[in-house]
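Asker: just to be clear, the model below is a prediction. Sequence and coordinates:
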Amino acid sequence: MKGQETRGFQSEVKQLLHLMIHSLYSNKEIFLRELISNASDAADKLRFRALSQPDLYEGDGDLRVRISFDKEDRTLTISDNGIGMTRDDAVEHLGTIAKSGTKAFLESMGSDQAKDSQLIGQFGVGFYSAFIVADKVTVRSRAAGTSAESGVFWESAGEGEYTVADIAKDTRGTEITLHLREGEEEFLDAWRVRSIIGKYSDHIALPVEIENREEKDGETVVSWEKINKAQALWTRNKSEISEDEYKEFYKHIAHDFSDPLAWSHNRVEGKQEYTSLLYIPSQAPFDMWNRDHKHGLKLYVQRVFIMDDAEQFMPNYLRFVRGLIDSNDLPLNVSREILQDSSVTRSLRNALTKRALQMLEKLAKDDAEKYQTFWQQFGLALKEGPAEDNSNQQTIAKLLRFASTHTDSAAQTVSLEEYIGRMKEGQEKIYYITADSYAAAKSSPHLELLRKKGIEVLLLSDRIDEWMMSYLTEFDGKAFQSVSKADESLEKLADDVDESAKEADKALEPFVDRVKTWLGERVKEVRLTHRLTDTPAIVTTDNDEMSTQMAKLFAAAGQAVPDVKYIFELNPEHPLVKRTADTQDEAQFGEWVELLLDQALLAERGTLEDPNLFIRRVNQLLTA
């Protein structure tokens, strides 16, 4: 063969192949679904390109997938007449996994996880699933629109390298031949293959044909029999489609091996005509937070595939939604520019966003356990919604879940509706706290008074939470209030003190002035508080000023952070505060004030500018 060369696989492919070959999958048959799915994608791409280049059909517009066997040679062949590949395509698509983060993900896989067939779907690289049942895979392909001499040969035993060469191929498309391992003879049985295709690929809009051989007059006659419905699933009536068919179609379009949590199949007629089929996955892809992560819906126009990952039809905070839209209102030669600027596109986006949110509302209402699975996988993305989508903000807020002082762990969450249902009589606001971790939020001294009065507080510990709460200001008529900010409603709760305590506070006014004088401009204000029970002091900020967590967000983003001016609040009932107030020596007094302020700052920020100075001060005061 011309131009023959042997190349090494990209290291990530080697690792993936090793996992495939040496892991025992419980459902090996999925390889056939993946290869048929890839053939279907190749046909879709040809159909789209042929809209502007009809010659690509080369006089053969009947697209299909064909399955054939050779029991003597122990081979199974899947062929298509789709878009095909050039030599460069074969090297790029079959020799590398072009996904950032893949290597780190593979390295993190443990031996137990390696046995999980969901692995393949994490990459959308179902071609490699062929090596589950084959000890050698041969590919012959030719790109549509190229000469017969422009074919490419690719072959590998899945052991670290592959061979590529130039060949002649009369027909366009791709032919994949699997040389089956010992013990995989079931995949040479026509009845078995039929049953697999019926189970996994019946919904494929492309005809899937199986080879029939008959002996007639001493000659072998080959015929091809279509064995699937070959009708686009989303064009069928909902009442005719089974749950299993919906699930298998999801796995086909999402390259996922897990069942979806929910789906919605909707046909709209009237001013706009379109069909949508949306799915909520049950697990997030490993690269969902990668900047290069592809997402969006498959776009069809009048059942003709236009593009994968059309981001324009779903807002970014719903980027986990998979599925497709088939529109009658967009031109067949649709371009990305039209998609970005079209009023039709904006209208479709609004409608599909509402549909996706309705799916989540229904899931939350009908199956709390499944919704909790969704929240654990995609809650962080949904938290971007209040800032991105003001028109649906209250709907999104209903879908949010929070840890709270009412639950025992971070995994147990409550909705805002549940929180409001438990509010105390006379409680005016929804109280929350943001912190670096669940433990830090739950043990914060800011909660002491509220815990004492039995008032529930939402515990927010994701980095995005402070940013989200700057947009989510109220829910169901109740304002949100951070307990780490000074607020009148919190002061009202703290005002429930007897007359003798008020007299004692008056007597401490000279002490408060003395602390102010010592700290000067380093704090915005010094005052006494009855919000604390076990803690000597806290720092708070005014409601209209930047919070500690927001300042941390700015710093993490590399932006200049303005100084946060804190209000220093002292607990007059605490022994350390009383001791400080009784200290006459000015230097000793200053050390106590610095210690109380450092403690409060450490509890609020989680760090100190000079931790060694703090330690020396503690040691000095303990040994004085």
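Answerer: Sure, I can see it. Since this is a predicted model, take the numbers as computed values, not measurements.

Asker: which residues in the stretch 101-250 of the chain form strands?
Answerer: 134-142, 151-156, 161-167, 173-180, 208-216, 219-226 (DSSP state E, counting those that start in this stretch).

Asker: equivalent analysis for the stretch 351-500 of the chain, please.
Answerer: 403-404, 429-434, 458-460, 474-475, 478-482.

Asker: in this protein, which residue sits furthest out from the middle?
Answerer: residue 217 (60.7 Å; Cα atoms, centre = their mean).

Asker: how much space is there between that one and residue 224?
Answerer: 20 Å (Cβ to Cβ, to the nearest Å). Using the backbone N, CA and C atoms, a C-beta is placed for each residue, glycine as well.

Asker: ranges for the helices of the stretch 1-150 of the chain?
Answerer: 11-22, 30-49, 87-95, 102-108, 111-114, 118-121 (DSSP state H, counting those that start in this stretch).

Asker: cool, and the stretch 251-400 of the chain?
Answerer: So, for the stretch 251-400 of the chain - with DSSP H, counting those that start in this stretch - the helices run 336-341, 343-366, 368-382, 385-388, 393-399.

Asker: which one of these lies closest to residue 147?
Answerer: For residue 147, the closest of those is helix 336-341, at 31.0 Å, according to Cβ to Cβ.

Asker: average pLDDT for the closest one?
Answerer: Averaged across helix 336-341, pLDDT comes to 67.

Asker: so how far is residue 510 from residue 522?
Answerer: For residue 522 relative to residue 510 (Cβ to Cβ), the value is 20 Å.

Asker: so which of the two has more stuff around it?
Answerer: Taking other Cβ atoms under 10 Å, residue 522 and residue 510 do not tie; residue 522 has more neighbours (12 against 9).

Asker: residue contacts, the more buried one?
Answerer: residue 597 (Cβ atoms under 8 Å, 6 or more residues apart in numbering).

Asker: give me phi/psi at it?
Answerer: phi -70, psi -20 (degrees, to the nearest 10).

Asker: residue boundaries of the helices in the stretch 401-550 of the chain?
Answerer: So, for the stretch 401-550 of the chain - with DSSP H, counting those that start in this stretch - the helices run 416-421, 438-442, 448-452, 465-469, 488-494, 499-507, 509-519, 548-556.

Asker: among those helices, which is nearest residue 94?
Answerer: Judging the helices of the stretch 401-550 of the chain by Cβ to Cβ, what sits closest to residue 94 is helix 548-556, at 39.8 Å.

Asker: what's the domain layout of this protein?
Answerer: 2-226, 233-366, 400-492, 495-623 (the TED database).

Asker: can you read off the pLDDT for residue 233?
Answerer: At residue 233, pLDDT is 90.

Asker: same check, this time on residue 502
Answerer: Per the predicted model, pLDDT is 71 at residue 502.

Asker: can you redo the strands of the stretch 101-250 of the chain as a markdown table with distance to residue 188, mean pLDDT and mean neighbour count?
Answerer: Output for the strands of the stretch 101-250 of the chain, formatted as a markdown table (distance: least, Cβ to Cβ, whole Å; pLDDT from 0 to 100; neighbours: other Cβ atoms under 10 Å):
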| stretch | distance to residue 188 | mean pLDDT | mean neighbour count |
| --- | --- | --- | --- |
| strand 134-142 | 12 | 95 | 22 |
| strand 151-156 | 20 | 95 | 23 |
| strand 161-167 | 24 | 93 | 17 |
| strand 173-180 | 7 | 96 | 22 |
| strand 208-216 | 12 | 89 | 14 |
| strand 219-226 | 16 | 90 | 10 |
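
Asker: these two touch, right, residue 212 and residue 226?
Answerer: No - contact status for residue 212 versus residue 226: not in contact, 11.2 Å apart, counting by Cβ atoms under 8 Å.

Asker: how far away from the center of its chain is stretch 64-77?
Answerer: How far stretch 64-77 lies from its chain's middle: 39 Å, per Cα atoms, centre = their mean, to the nearest Å.

Asker: and the contacts of that stretch?
Answerer: 36, 39-40, 43, 78-81, 134, 175-180, 185, 187-188, 190, 193, 197, 204, 206-211, 224, 226.

Asker: recalculate using a threshold of 7 Å.
Answerer: With contacts defined as Cβ atoms under 7 Å, 6 or more residues apart in numbering, stretch 64-77 is touched by 36, 39-40, 78-81, 175-180, 187-188, 190, 193, 206-211, 224.

Asker: now stretch 455-475
Answerer: 380, 383-384, 386-387, 393-394, 397, 402-406, 416, 419, 422, 424, 427, 430-438, 441-442, 447, 450, 479-480, 483, 547, 549-550, 553.

Asker: ok, of these, which come out buried?
Answerer: 380, 383-384, 386-387, 393, 397, 402-406, 416, 419, 427, 430-436, 438, 441-442, 447, 450, 480, 483, 547, 549-550, 553 (16 or more other Cβ atoms under 10 Å).

Asker: would you mind writing the CA trace of stretch 458-472 as CSV?
Answerer: Extracted as CSV, the C-alpha positions of stretch 458-472 are listed here (Å, rounded to 0.1, in the frame of the first residue of the first chain):
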residue,chain,number,x,y,z
LEU,A,458,-29.2,29.0,54.8
LEU,A,459,-25.6,27.9,54.7
LEU,A,460,-23.9,28.8,51.4
SER,A,461,-20.4,27.6,50.8
ASP,A,462,-19.9,27.4,47.0
ARG,A,463,-17.6,30.0,45.5
ILE,A,464,-20.4,31.2,43.2
ASP,A,465,-22.9,31.8,46.1
GLU,A,466,-21.9,35.3,47.0
TRP,A,467,-22.1,36.4,43.4
MET,A,468,-25.5,34.7,43.0
MET,A,469,-26.9,36.4,46.1
SER,A,470,-25.9,39.8,44.8
TYR,A,471,-28.6,39.2,42.0
LEU,A,472,-31.1,37.2,44.0
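
Asker: list the buried ones in that stretch?
Answerer: Applying 16+ other Cβ under 10 Å to stretch 458-472 flags 458-461, 464-469, 472 as buried.

Asker: so which residues of the stretch 501-624 of the chain form strands?
Answerer: Using DSSP E, counting those that start in this stretch, strands in the stretch 501-624 of the chain cover 525-528, 537-540, 567-570.

Asker: rounded mean pLDDT for the last one, please.
Answerer: Along strand 567-570, the predicted confidence averages to a pLDDT of 92.

Asker: so which of the domains of the chain gets nearest residue 375?
Answerer: Per Cβ to Cβ, nearest to residue 375 of the domains of the chain: domain 400-492, 4.9 Å.

Asker: the closest one: how far from the chain's middle?
Answerer: 25 Å.

Asker: end to end, how far does that domain reach?
Answerer: 29 Å (Cα to Cα, to the nearest Å).

Asker: same list, the domains of the chain, but as JSON lines with distance to residue 372 please.
Answerer: Listed next are the domains of the chain as JSON lines, based on distance: least, Cβ to Cβ, whole Å:
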{"stretch": "domain 2-226", "distance to residue 372": "20"}
{"stretch": "domain 233-366", "distance to residue 372": "9"}
{"stretch": "domain 400-492", "distance to residue 372": "7"}
{"stretch": "domain 495-623", "distance to residue 372": "25"}
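
Asker: of all those domains, which lies closest to residue 376?
Answerer: So among the domains of the chain, domain 400-492 is nearest, using Cβ to Cβ, at 7.8 Å.

Asker: tell me the pLDDT at residue 435?
Answerer: 90.

Asker: would you agree it is in contact with residue 444?
Answerer: Yes - contact criterion Cβ atoms under 7 Å: residue 435 and residue 444 qualify, at 6.2 Å.

Asker: overlap in contacts, the two.
Answerer: In contact with both residue 435 and residue 444: no residue, using Cβ under 7 Å, 6+ apart.
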